[in-house]
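1. Sequence first, then the predicted structure:
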Amino acid sequence: MAVQVGVLVTLNAKAGKGTELADFLVQARELAVAETGTASWYAFKISDTTFGVFDTFETNAALEAHLGGEIPQALGRVADRLLAEAPSIETVELIAVK
């Protein structure tokens with residue numbers, strides 16, 4: 001089965017917290033690797049304070065498991081310290097994949 005759904009998350013760090021947020025995302029990779037339903041997981045930097053994550057899943061059930069999993073929980077524990085605002089979380093339907 002091919003990937004069918006994804007999630008795009010945008011994170012805005014507080015001033016001076018971009019490096020810490022990047023470090024958090026690097027560490028979060030290990031949690032993503034352990035998720036059996038996550039087909040792909042990318043963390044990226046847009047600017048010194050803006051970061052993102054894009055993940056793909058084969059099923060909506062795998063997406064929901066991820067959204068209720070360890071990465072969002074870990075982010076919740078550091079959000080007040082690192083984030084300037086709540087993350088933007090958008091689910092997407094994939095229409096073409098290579």
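-> Structure's in. What do you need? Keep in mind that what you see is a predicted model, and the values were worked out from it rather than measured.
2. mind listing what residue 57 touches?
-> 3-7, 37-39, 63, 66 (C-beta atoms under 8 Å, 6 or more residues apart in numbering). All C-beta atoms are positioned from the backbone trio N, CA, C, and that covers glycine.
3. That one - nearest residue in space that isn't next to it in sequence?
-> Excluding its sequence neighbours, the residue lying closest to residue 57 (C-beta to C-beta, 6 or more residues apart in numbering) is residue 63, at 4.4 Å.
4. Give me the mean pLDDT for the helix or strand containing that neighbour.
-> Using DSSP states H and E, residue 63 maps to helix 60-67. Helix 60-67 shows a mean pLDDT of 94.
5. contacts for that helix?
-> By C-beta under 8 Å, 6+ apart, the surrounding residues in contact with helix 60-67 are 4-7, 35, 37-39, 55, 57, 72, 89, 91.
6. residues of the least confident helix or strand in the chain by mean pLDDT that come out buried?
-> The weakest-scoring helix or strand in the chain, judged by mean pLDDT, DSSP states H and E, is helix 60-67 (a mean of 94). By neighbour count on 16 or more other C-beta atoms under 10 Å, the buried set for helix 60-67 is 62-63, 66.
7. What subset of the contacts of residue 57 is buried?
-> Buried positions within the contacts of residue 57, assessed by neighbour count (16+ other C-beta under 10 Å), are 3-7, 38-39, 63, 66.
8. Secondary structure and distance to residue 18 added to the residues you listed, as CSV?
-> Formatted as CSV, the buried ones among the contacts of residue 57 follow (DSSP: H, G, I helix; E, B strand; the rest coil; distance: C-beta to C-beta, whole Å):
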residue, secondary structure, distance to residue 18
3, coil, 30
4, coil, 33
5, strand, 29
6, strand, 24
7, strand, 22
38, strand, 25
39, strand, 28
63, helix, 28
66, helix, 24
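9. Return the list of helices and strands in contact with the longest helix belonging to the chain.
-> The longest helix of the chain (DSSP state H) is helix 18-34. Using 3 or more C-beta pairs under 8 Å, 6 or more residues apart in numbering; DSSP states H and E as the contact test, the elements touching helix 18-34 are strand 38-45, strand 50-57, helix 70-82.
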